[in-house]
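Student: Okay, structure incoming, though there's no sequence with it:
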């Protein structure tokens, strides 16, 4: 594993980084290549001020790497190698880059349809990339998309204050108005609006979980752990909505590790009971 890619991953996400420690080494290496690629583009459009020219330069550099030129950029060369080997559809990559580009010029999402359209490129295709990294069957496609969607939707809820600093509103603006939320202040209206959004995230999450049946046990543990940590975050926010106004809600590393071991036992028992065709108490 090239240390540069691993460092991008380690600094980018505590939850994902620690969860993927329990993937087999070759899968973790591929996930690191994927994460580094999406992170470097995301960082360029999320920086203050935005590094717009660097974004377009990097996108052109990716296209040259994709077309067979050796650019000397380890993040791009590693991703393109992964893309070819795992048969990523180029339209997925373009959708991702288009969503990142939209962060340069679109700041407010006025309806759920607008938000979902953005999320296809920024999150759902990440689920599709992971589907191919793990060699999952095509039947898992919609569930993979839904898992990406659910996780990013919770990020929108958790980071609502941070996004405001960047001048962005990803949560549907029309729904904010319906709940009587005109500014990000701790009011009863704001709390109800946030709880409504968390319930929507949970419905996305439940849809994604129906696809766990397609994931081999050796891969399910880190995926379920990341998902569980998102649910923990969601439930914390649902209980105390105004937390999102004062700090970034996220689990500690110790909670992530303990969740890994809990899931190891649960997945082992789930497999055992499934093989014996006995009812499972959940």
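Tutor: Structure's in. What do you need? This is a predicted model, so every value here is computed, not measured. Residues are numbered from 1 along each chain as shown.
Student: neighbouring contacts of stretch 80-91?
Tutor: 30, 33, 34, 62, 65, 66, 93, 128, 129, 132, 133 (Cβ atoms under 8 Å, 6 or more residues apart in numbering). Using the backbone N, CA and C atoms, a C-beta is placed for each residue, glycine as well.
Student: tell me what the one helix or strand the fifth one maps to is packed against?
Tutor: What that stands for is residue 65. In the assignment (DSSP states H and E), residue 65 maps to helix 52-66. Counting contacts by 3 or more Cβ pairs under 8 Å, 6 or more residues apart in numbering; DSSP states H and E, helix 52-66 is packed against helix 25-46, helix 74-86, helix 90-105.
Student: Just send the contacts of stretch 80-91 back as TSV, with neighbour count, pLDDT and distance to residue 179 too.
Tutor: TSV is the format used below for the contacts of stretch 80-91 (neighbours: other Cβ atoms under 10 Å; pLDDT from 0 to 100; distance: Cβ to Cβ, whole Å):
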residue	neighbour count	pLDDT	distance to residue 179
30	23	95	42
33	25	96	41
34	22	96	36
62	22	98	40
65	21	97	45
66	16	97	44
93	21	98	37
128	23	97	33
129	26	97	35
132	20	97	39
133	21	96	39
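Student: Most widely separated two among these?
Tutor: Greatest spacing in the contacts of stretch 80-91, by Cβ to Cβ: 65 and 128 (20.4 Å).
Student: so residue 12 makes contact with residue 39?
Tutor: Yes - here residue 12 reaches residue 39: they are 4.6 Å apart, a contact under Cβ atoms under 8 Å.
Student: And the two? Which one has more around it.
Tutor: Ranked by neighbour count (other Cβ atoms under 10 Å), residue 12 and residue 39 place residue 39 first, with 19 against 16.
Student: which residues of the protein fall in strands?
Tutor: Assigned by DSSP state E, the strands in the chain number zero.
Student: So, low pLDDT: which residues of it?
Tutor: 1-2, 260, 264, 268-282 (pLDDT under 70).
Student: Outline the domain layout of this structure.
Tutor: Here the domain parsing of the chain from the TED database is 1-86, 90-252.
Student: need the contact list for residue 145.
Tutor: Neighbours of residue 145 in contact, by Cβ under 8 Å, 6+ apart: 120, 124, 125, 127, 128.
Student: Could you check how far it is from residue 218?
Tutor: Taking Cβ to Cβ, to the nearest Å as the measure, residue 145 and residue 218 are separated by 22 Å.
Student: for residue 241, same thing?
Tutor: 37 Å.
Student: Compare the two (neighbour count), which wins?
Tutor: Taking other Cβ under 10 Å, residue 241 and residue 218 do not tie; residue 241 has more neighbours (23 against 13).
Student: The more buried one is in contact with residue 194, isn't it?
Tutor: Yes - using Cβ under 8 Å, residue 241 is in contact with residue 194, at 3.8 Å.
Student: what about residue 45, distance to residue 31?
Tutor: For residue 45 relative to residue 31 (Cβ to Cβ), the value is 22 Å.
Student: more crowded one of those two?
Tutor: residue 31 (22 against 18).
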